[in-house]
Structure formats: structure tokens, C-alpha cells
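Asks: The following comprises the amino acid sequence and a computationally predicted model.
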Amino acid sequence: MELDNRSAVYEWSGQDVRIVLEQTVAFTEIGIEYLGGRQIKWYVIK
């Protein structure tokens with residue numbers, strides 16, 4: 001599953017900030033199963 005979002009941040013002079021998330025999942029009858037565990041923390045790369 002791949003998610004991607006881009007938003008302008010007012011506090012950064014309107015600069016566009018892009019946040020992406022890629023997780024390995026399986027779609028099952030009961031819902032989504034995160035195969036490698038679900039990411040629950042932010043990893044900030046500067």
C-alpha cells in the first residue's frame with residue numbers, strides 16, 4: 001500500500017511538504033493485514 005500527501009505549510013512560507021508511506025499489506029476477508037507490522041512512529045530524515 002502506498003500513500004502520498006503534499007501540503008503547503010504556512011509556517012514554512014507556504015513551502016510544499018510531501019509525506020509518503022509505503023507498507024506491505026494483504027487484503028483479506030476481515031480487512032487489511034500489515035505483513036511487516038504497522039509503522040507507528042515518524043522517521044525524520046534531514
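Replies: Nice, I can see it.
Asks: ok, for the residue most central in space within the chain, nearest residue in space, not its chain neighbours?
Replies: Residue closest to the average C-alpha location in the chain (C-alpha atoms, centre = their mean): residue 21, at 2.8 Å. Nearest residue to residue 21, sequence neighbours excluded (C-beta to C-beta, 6 or more residues apart in numbering): residue 3, at 4.5 Å. Yep, even glycine has a C-beta here, placed from its N, CA and C like the rest.
Asks: now swap in residue 2 and tell me
Replies: residue 22 (4.8 Å).
Asks: Verify the stated contact: the one you found with residue 34.
Replies: No. Between residue 22 and residue 34 there is no contact under C-beta atoms under 8 Å: 11.7 Å.
Asks: Ramachandran coordinates for the residue nearest to residue 2?
Replies: phi -130, psi 120 (degrees, to the nearest 10).
Asks: how deep is it tucked in, by neighbour count?
Replies: For residue 22, the count of nearby residues is 10 (other C-beta atoms under 10 Å).
Asks: Quick check: the gap between it and residue 15.
Replies: Distance, residue 22 to residue 15, by C-beta to C-beta, to the nearest Å: 23 Å.
Asks: Thanks a lot, see you next time.
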